[in-house]
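>>> Dropping the sequence and predicted coords here.
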Amino acid sequence: MTRSKKYTLVFLLFIVSVFLYKYSPYRFEFIGYYHKIWAHRVDSKEKLKAALLFYDGVELDLVFKANENVLDVNHPPTKSINLSFENYLSEIENEPYLWLDIKNLTLENSEIILLKLISVLKKHNYSFKKILIETRYPEALPIFTKKGFITSYYLPFGLHTKTASGLKIEINKIKSVLKNQPEIGISSSYKDYSIMKKHFPDKNKYLWMISSITERGFTKTRSILKDEKVKVVLVHYKAPSGNR
């Protein structure tokens with residue numbers, strides 16, 4: 001083999017390696033903890049099909065359309081593609097874990113959303129124990145917890161940016177919620193992990209780290225994954241198609 005052909009082969013191998021690394025979850029910083037790594041924002045059937053080749057779970061966004069009694073798979077302000085949760089589930093053969101970020105779930109509509117969700121899941125014989133319900137409004141969660149769903153309180157955004165006095169106020173509010181609902185977990189960006197660990201060490205934690213490894217750091221990533229109370233970490237996943 002000539003030198004030029006060797007260089008060409010090395011270059012092609014490099015390109016293929018970069019491509020595989022880009023679309024694969026098997027990264028050095030996740031070794032030993034792949035069971036905790038789920039795909040973030042899997043809001044299309046195409047991306048779902050690709051993600052389930054690698055991940056034990058996926059996160060998707062839902063908006064409840066009350067006038068249609070439909071759970072729409074969408075993350076506003078992105079335009080809806082009219083993909084219902086029921087249609088979405090029809091693409092699933094096994095039972096991966098599903099993290100449902102229900103964007104408009106509140107106390108006022110929690111019962112009707114629960115009934116709709118139960119109806120769809122029972123139609124597909126899907127276990128409630130494989131479903132994580134997340135919302136910014138924790139008062140909506142008790143009825144889901146009682147039915148056997150995993151539930152999580154989406155904490156106020158940017159705790160790490162608060163002043164000492166501002167953070168103290170937020171922590172006290174969160175403690176009040178968790179006192180009334182000891183069964184629920186807490187979810188937030190990995191940037192708030194140190195605060196979550198310090199103030200709520202025994203709570204199950206559901207995190208997302210969708211930034212690059214250069215931003216979050218290898219050591220911090222490993223430290224988070226080693227925490228037994230960190231149950232799930234969402235990561236950025238760019239599928240060959242269906243990214244929204």
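Yes, it's here. Because the structure is predicted, anything quoted here is derived from the model rather than measured. Residues are numbered from 1 along each chain as shown.
>>> which parts of stretch 51-66 are buried?
Going by neighbour count (16 or more other Cβ atoms under 10 Å), the buried part of stretch 51-66 is 51-52, 54-64. For every residue, glycine as well, the C-beta is placed using N, CA and C.
>>> show me the contacts for the residue nearest the centre of the chain.
In the chain, the centroid-proximal residue (Cα atoms, centre = their mean) is residue 59; its distance is 3.9 Å. With Cβ atoms under 8 Å, 6 or more residues apart in numbering as the criterion, the residues that contact residue 59 are 38-42, 98-101, 208, 234.
>>> redo that, cut-off 6 Å
Residues counted as contacts of residue 59 (Cβ atoms under 6 Å, 6 or more residues apart in numbering) are 40, 99, 234.
>>> neighbour-wise, which of those leads?
residue 234 (26 neighbours; other Cβ atoms under 10 Å).
>>> Pairing partners for the helix or strand where that residue lies, with directions?
Secondary structure from DSSP states H and E places residue 234 in strand 230-235. Strand 230-235 has its sheet partners listed here by DSSP bridges as strand 37-39 (parallel), strand 205-209 (parallel).
>>> Tell me which of those sits nearest to residue 111.
Of all the strands paired with strand 230-235, strand 205-209 sits nearest to residue 111, with 23.8 Å by Cβ to Cβ.
>>> contact partners of the closest one?
40, 152, 185-187, 189-190, 196, 216, 229-234.
>>> After it, heading C-terminal, what element do we hit next?
Using DSSP H and E, the helix or strand that follows strand 205-209 in sequence is helix 213-216.
>>> CA atoms only for that next one, dumped as PDB, please.
This file holds the C-alpha atoms of helix 213-216, laid out as PDB (Å, rounded to 0.1, in the frame of the first residue of the first chain):
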ATOM      1  CA  ILE A 213     -18.100  17.500  27.600                       C
ATOM      2  CA  THR A 214     -15.800  20.500  27.300                       C
ATOM      3  CA  GLU A 215     -18.400  22.600  29.200                       C
ATOM      4  CA  ARG A 216     -19.500  20.200  31.900                       C
END
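>>> mean confidence score for it?
Across helix 213-216, the average pLDDT comes to 76.
>>> Which SSE is immediately downstream of it?
Downstream of helix 213-216, the next assigned helix or strand under DSSP H and E is helix 218-226.
>>> just checking, what packs against that following helix?
Applying 3 or more Cβ pairs under 6 Å, 6 or more residues apart in numbering; DSSP states H and E, we find helix 218-226 packed against no helix or strand.
>>> between that helix and strand 230-235, what angle do the directions make?
Interaxial angle of helix 218-226 relative to strand 230-235 (axes from the mean of the first three to the mean of the last three Cα atoms, to 10 degrees): 130 degrees.
>>> Pull the distance from the longest strand belonging to the chain to the chain's centre.
Identified as the longest strand of the chain according to DSSP state E is strand 57-65. Mean-position distance between strand 57-65 and its chain equals 10 Å (Cα atoms, centre = their mean, to the nearest Å).
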